[in-house]
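Student: Have a look at this fold, sequence not included:
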């Protein structure tokens, strides 16, 4: 269902446009990258191909990694891309071995962020970068009504963190040069685009045929809630 909304291999809003915005002004040529929480691997493949670097996709869901490896076998990316299952907070990398760790829209599911960030810091080279796109809340431990309704609707476990919470986690893990950028307007547009795409006649027919009208209606409701 996520691929139907976001595109093949993609599991979060904005697709390649959002990825490019995250990576703007970062030179990744010949870099060693980790895509943390890679899902089905869409972003992993895109970053490797678009930015000429080696990317390891990490995911806690074994079935998603099986799928990503199946896709990898049909591509010419074997020398640029690999996929691994991992159990947070420990990352399967040597100390100071990565140039960039990238994570898009998934760390909101991780409750113990400080421990994870400490291991991320260990795995990054001196001067390496951690680039995160994530959901934040104005109130620690509590979402607004619309996002809470989305969580209830879809059975999601999302941990509400403020920007201050996030900065505290990162500082506790020894990160020092920490910068935050608000992307609310972008995500408003991304989700309205998803709604418009799903409401297209053929997309709607295909979605309802594959997943049923109930899931279609819930998806439209969920993306509209995120947009508001």
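Tutor: Now that the structure is in, tell me what you want to look at. All of these numbers come straight from a predicted model, not from anything done at the bench.
Student: the helices in the chain, which residues?
Tutor: 2-6, 15-23, 42-51, 62-73, 113-123, 145-154, 163-172, 184-199, 201-211, 213-227 (DSSP state H).
Student: Quick one: those helices as CSV, columns for mean neighbour count and distance to residue 93 too.
Tutor: (C-beta placed from N, C-alpha, C; glycine too.) Output for these, formatted as CSV (neighbours: other CB atoms under 10 Å; distance: least, CB to CB, whole Å):
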stretch, mean neighbour count, distance to residue 93
helix 2-6, 18, 27
helix 15-23, 17, 20
helix 42-51, 22, 15
helix 62-73, 15, 16
helix 113-123, 19, 4
helix 145-154, 14, 32
helix 163-172, 15, 19
helix 184-199, 16, 30
helix 201-211, 13, 37
helix 213-227, 17, 32
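Student: Looking at these, which is nearest to residue 88?
Tutor: Closest approach to residue 88 among these (CB to CB): helix 113-123, 5.2 Å.
Student: Name the helix or strand of the protein that has the lowest mean pLDDT.
Tutor: In the chain, the helix or strand scored least confidently by mean pLDDT, DSSP states H and E is helix 145-154, which has a mean of 85.
Student: now for that one, which elements pack on it?
Tutor: Other helices and strands packing on helix 145-154, by 3 or more CB pairs under 8 Å, 6 or more residues apart in numbering; DSSP states H and E, are helix 213-227.
Student: The helix it packs on vs helix 145-154, what angle?
Tutor: 160 degrees (axes from the mean of the first three to the mean of the last three CA atoms, to 10 degrees).
Student: tilt between helix 213-227 and helix 184-199?
Tutor: Using the same axes, to 10 degrees: helix 213-227 against helix 184-199 is 160 degrees.
Student: CSV for the helices of the chain, including distance to residue 130?
Tutor: Formatted as CSV, the helices of the chain follow (distance: least, CB to CB, whole Å):
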stretch, distance to residue 130
helix 2-6, 23
helix 15-23, 11
helix 42-51, 15
helix 62-73, 22
helix 113-123, 6
helix 145-154, 24
helix 163-172, 8
helix 184-199, 20
helix 201-211, 35
helix 213-227, 24
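Student: what about this protein, any weak spots by pLDDT?
Tutor: Within the chain, no stretch has pLDDT under 70.
Student: what's next to the least confident helix or strand of the chain, contact-wise?
Tutor: Residues outside helix 145-154 that contact it (CB atoms under 8 Å, 6 or more residues apart in numbering): 135, 137, 142-143, 156-158, 218, 221-222, 225-226, 228.
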